[in-house]
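Peer 1: Have a look at this prediction, sequence included:
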Amino acid sequence: MNHQNPSREIVVQSYSKWADYVQLVKARLSLTVVFTSLLGYAIAAGETIHTTTLLLLGIGGFLITAAANAINEVLEKDYDALMKRTQLRPLATGRMKISEAVLFAGLACLAGVSLLSMINPITAVMGMLSFVLYAFVYTPLKRYSTLAVAVGAVPGALPVLIGCTAAQGQITTLALGLFAVQFLWQFPHFWSIGFLGFEDYKKAGYRLLPEQDGVIDRNVGLYALLYTALIVPVLSYLYLNGDMNYMAFVVNAILTIAFAYFSLSFYRRFDRKSGLILMFSSFFYMPLILLVSLFNN
């Protein structure tokens, strides 16, 4: 007897090759990563922005991110098929062959690193490091340990650092400070998403949240608050070091306090509504921090 869902088959068959590649590279996420990197470049470059460097950074960064996402889907294709939000991805449904995705990822990574190397060597090295950590360390680790969140936060925070190195040619205090802010931000961001999709992630065996007997540890909200609070000293470091002016520091501190409030609310209420609020606030928080740093540079 055929137990397949006819409506799902129709949806699967309706995808074009272009749509498959959009899903393979997680285009929206990749573009967000590139946007973060370009903001990092603009903050570090100040008034000396070069269009050629922007193009190399944008295209190269997108290609490396696309390659990492493609490898992520190759390694997780069997698990993607188990989750509602990912079951229609091209590899999970068999619309695309693994060999095609791997070939694309290899070519995209090679092209991306080559473009970044035209900016400077350290930018290319950081781009390659981001690819390796995300695709080959974070991706397999998240089925075995909650440590994956911390590991994944590194490549997740590297785009802004890569943007800074593209402008300055070295890892400066500004680059490290912005990297630290984005690194710390990712914990409440990851955990709110993991909380909301807990049952779906559990089907695939992903361990993104601390658990006790199969139940999410309520203290995850407290951990989210702690990591958010740690952003304030980093902002203070950037201000005292002269990498952020007073107005930018004050506005960013206020944004961080608001983000911390949503983390505190999530800890106290620990329900879907407070999780949603924390998740959506995290979507706005990081771009706002970078935009304020840019316009008050």
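Peer 2: That came in fine, so what should we check first? Numbering: from 1, shown residues only.
Peer 1: so what's Asp200 scoring on pLDDT?
Peer 2: We have a pLDDT of 89 for Asp200.
Peer 1: Setting the sequence-adjacent residues aside, check what's closest to it.
Peer 2: The spatial neighbour of Asp200 that comes closest, neighbours along the chain excluded (C-beta to C-beta, 6 or more residues apart in numbering), is Met83 at 4.7 Å. All C-beta spots, glycine's among them, are computed from the backbone N, C-alpha and C.
Peer 1: ok, that neighbour - contacts?
Peer 2: Counting by C-beta atoms under 8 Å, 6 or more residues apart in numbering, Met83 touches Asp200, Tyr201, Lys203, Ala204.
Peer 1: Kindly recompute the last result at 6 Å.
Peer 2: For Met83, the contacting residues are Asp200, Lys203, Ala204, by C-beta atoms under 6 Å, 6 or more residues apart in numbering.
Peer 1: The second one against Ala81, yeah?
Peer 2: Read that as Lys203. No: between Lys203 and Ala81 there is no contact under C-beta atoms under 6 Å: 9.9 Å.
Peer 1: which one of those two has more residues nearby?
Peer 2: Neighbours per residue, other C-beta atoms under 10 Å: of Lys203 and Ala81, the larger number sits with Ala81, 17 against 13.
Peer 1: picking up where we left off before, restricted to strands, list the contacts of Met83.
Peer 2: Among those, no member is found in strands (DSSP state E).
Peer 1: And the pLDDT at the nearest residue to Tyr144 once chain neighbours are set aside?
Peer 2: Counting by C-beta to C-beta, 6+ apart, Tyr144 lies nearest to Arg207, which is 6.7 Å off, once chain neighbours are set aside. Predicted confidence (pLDDT) for Arg207: 87.
Peer 1: Helix, strand or coil: sort out Arg207 for me.
Peer 2: What DSSP: H, G, I helix; E, B strand; the rest coil gives for Arg207 is coil.
Peer 1: And it, how far from Gly58?
Peer 2: 34 Å (C-beta to C-beta, to the nearest Å).
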